[in-house]
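A.B. asks: Quick one: sequence and predicted model below, then my questions.
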Amino acid sequence: MTLKIGVIGTGAIGRDHIRRITSNLSGGRITAVTDVNEAAANAVVEQYGLDAVVYPDDQSLLAEGDIDAVLVTSWGPAHEQSVLAAIEAGKYVFCEKPLATTAEGCRRIMDAEIKHGKRLVQVGFMRRYDSGYVQLKQAIDEHVIGEPLMIRCAHRNPESGPNYTSDMAITDTLIHEIDVLHWLLGDDYKSVQVSYPRKTRHALSHMRDPQVVLLETNGGVLITAEIFVNCRYGYDIQCEVIGEDGIVKLPEPSSISLRKEAMFGTRILMDWKDRFIEAYDREIQDFIDSVGRGELQGPTAWDGYIAAVTADACVKAQESGQREEIELDEKPALYEGQAVGQA
Ligand SMILES: NC(=O)c1ccc[n+]([C@@H]2O[C@H](COP(=O)([O-])OP(=O)(O)OC[C@H]3O[C@@H](n4cnc5c(N)ncnc54)[C@H](O)[C@@H]3O)[C@@H](O)[C@H]2O)c1
Ligand SMILES: O[C@H]1[C@H](O)[C@@H](O)[C@H](O)[C@@H](O)[C@H]1O
């Protein structure tokens, strides 16, 4: 069976997912699209030669579209409304991060899913599908390094856009570490503190960059996460887990090495689309396959909720300079067991 997919939001990542479904992946077909910028929706239909109807908004796409599932790839503040409408229509929905911009919004989505009685939502935390992170998880789960004690990581972007603000370092950028690290450890966060080193001259005047976030888990693991979104030299994601018996580290993306003019080196990628290209392919293929089986297995609305609660505490800690507590509601039964990523 071919899954008929509607896409809500045809910007950068919406187009990229349409490209992969159309050219790389199996079992899915784009049959409906919408974007508040109608010209963008029309352009993507033309660019990929889609046999798809362009709808004026998410409501009409969900009511009239010939679809089995939707991808929500609009701006973050628009996600909650589209996801709730998709659940109401009984459609499976893949939603890019953030699931909603507030913890209350994520709660409303969980309540709607629980009322529906079955998982319909997968959140776009693609790092769980990255083979490097999957290997780290395997090593931790198999106690290769004994108990994990500390994690050191860095999330570096070459440059931030003109509308990027200091809190987006958390809600837009660190959110990937927030998700993947609690998944790696199988542990929840307890507290967070944020510090600011000297500011880079490349950052816009209104923002703090870089930032250092110190997270502590319930199990006592200390995580230092550097966020540096104007590092200039590349798109660089680092993660090192220090355990009782050894250390495991995220591999560098594979690349040829070059010896030239008295130098030896490898290229560093510049774009998130390239760094996680295989992970995005796997997560969307997993969504298509899981919907086909009638049982989602990727990141859940509960994971989206954990990320939102943790991000709220991080933003509070950015402002207060103090250690802030992170408190989750009780995990609903629908989300028992750990959602997986795939190698
Ligand atoms: N998983 C990842 O690594 C990753 C990477 C990039 C972006 N994202 C997330 O994906 C989302 C989109 O990011 P982007 O980079 O593609 O942004 P973008 O600005 O390029 O595209 C967003 C599109 O959504 C459209 N839109 C806004 N509100 C809408 C609505 N109510 N209905 C329909 N369309 C609407 C806009 O017109 C725009 O075309 C963001 O939430 C972002 O955080 C995730
Ligand atoms: O900081 C960026 C992240 O590195 C990417 O992975 C995307 O999530 C993008 O939306 C963020 O702005």
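C.D. replies: Everything's here; your move. Ligands and ions are numbered 1, 2, ... in the order given.
A.B. asks: contacting residues around stretch 237-248?
C.D. replies: The set of residues external to stretch 237-248 that reach it, using Cβ atoms under 8 Å, 6 or more residues apart in numbering, is 133, 135-136, 139-140, 144-156, 177, 180-181, 184, 249-250, 275. Every C-beta, even on glycine, is put in place using the N, C-alpha and C of the backbone.
A.B. asks: Could you point out which residue ranges in the protein have low pLDDT?
C.D. replies: By pLDDT under 70, the low-scoring segments of the chain are 338-343.
A.B. asks: Could you chop it up by domain?
C.D. replies: 3-127+278-300+330-335, 130-270+307-325 (automatic domain parsing).
A.B. asks: Just the buried residues from the contacts of stretch 237-248, in PyMOL please.
C.D. replies: A single PyMOL command selects the buried members of the contacts of stretch 237-248 (16 or more other Cβ atoms under 10 Å):
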select buried, resi 133+136+139+140+145+148+151+152+153+154+155+156+177+180+181+184+250+275
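A.B. asks: Can you pick out the ones from the contacts of stretch 237-248 that are in strands?
C.D. replies: When the contacts of stretch 237-248 are checked against strands (DSSP state E), the matches are 148-156, 249.
A.B. asks: what's the distance between the residue in the stretch 101-250 of the chain that ligand 1 sits nearest to and residue 313?
C.D. replies: At 4.6 Å from ligand 1, residue 124 is the closest residue in the stretch 101-250 of the chain, using Cβ to the nearest ligand atom. Going from residue 124 to residue 313 by Cβ to Cβ, to the nearest Å gives 22 Å.
A.B. asks: And whichever helix or strand residue 313 is part of, what's buried?
C.D. replies: Element membership for residue 313, per DSSP states H and E: helix 301-320. For helix 301-320, the neighbour count (16+ other Cβ under 10 Å) marks 301-318 as buried.
A.B. asks: Correct me if wrong: residue 206 contacts residue 165.
C.D. replies: Yes - Residue 206 lies in contact with residue 165 (Cβ atoms under 8 Å); the separation is 6.8 Å.
A.B. asks: More neighbours: which of the two?
C.D. replies: Using other Cβ atoms under 10 Å as the criterion, residue 206 and residue 165 rank with residue 165 on top: 13 against 8.
A.B. asks: Which parts of the stretch 51-200 of the chain are helices?
C.D. replies: Secondary structure of the stretch 51-200 of the chain by DSSP state H, counting those that start in this stretch: the helices cover 58-64, 76-88, 103-116, 131-141, 168, 175-185.
A.B. asks: would you turn those into JSON lines with distance to residue 8?
C.D. replies: Shown next, in JSON lines, are the helices of the stretch 51-200 of the chain (distance: least, Cβ to Cβ, whole Å):
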{"stretch": "helix 58-64", "distance to residue 8": "5"}
{"stretch": "helix 76-88", "distance to residue 8": "5"}
{"stretch": "helix 103-116", "distance to residue 8": "15"}
{"stretch": "helix 131-141", "distance to residue 8": "27"}
{"stretch": "helix 168", "distance to residue 8": "22"}
{"stretch": "helix 175-185", "distance to residue 8": "20"}
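A.B. asks: closest to ligand 2 out of those?
C.D. replies: helix 175-185 (5.7 Å).
A.B. asks: Tell me if the closest one is near ligand 1.
C.D. replies: No - judged by Cβ under 6 Å from any ligand atom, helix 175-185 and ligand 1 are separated, with a smallest distance of 6.6 Å.
A.B. asks: what's in contact with that helix?
C.D. replies: Residues outside helix 175-185 that contact it (Cβ under 8 Å, 6+ apart): 97-98, 123, 125, 127-128, 133, 136-137, 140, 148, 151, 153, 155, 188-189, 215, 217, 219, 221, 223, 225, 239, 241, 299, 303, 306-307, 310-311, 314, 338-339, 341.
A.B. asks: Whatever residue of the chain ends up closest to ligand 1: how many residues sit nearby?
C.D. replies: Nearest residue of the chain to ligand 1, counting by Cβ to the nearest ligand atom: residue 11, 1.6 Å away. Applying other Cβ under 10 Å, we find 16 residues neighbouring residue 11.
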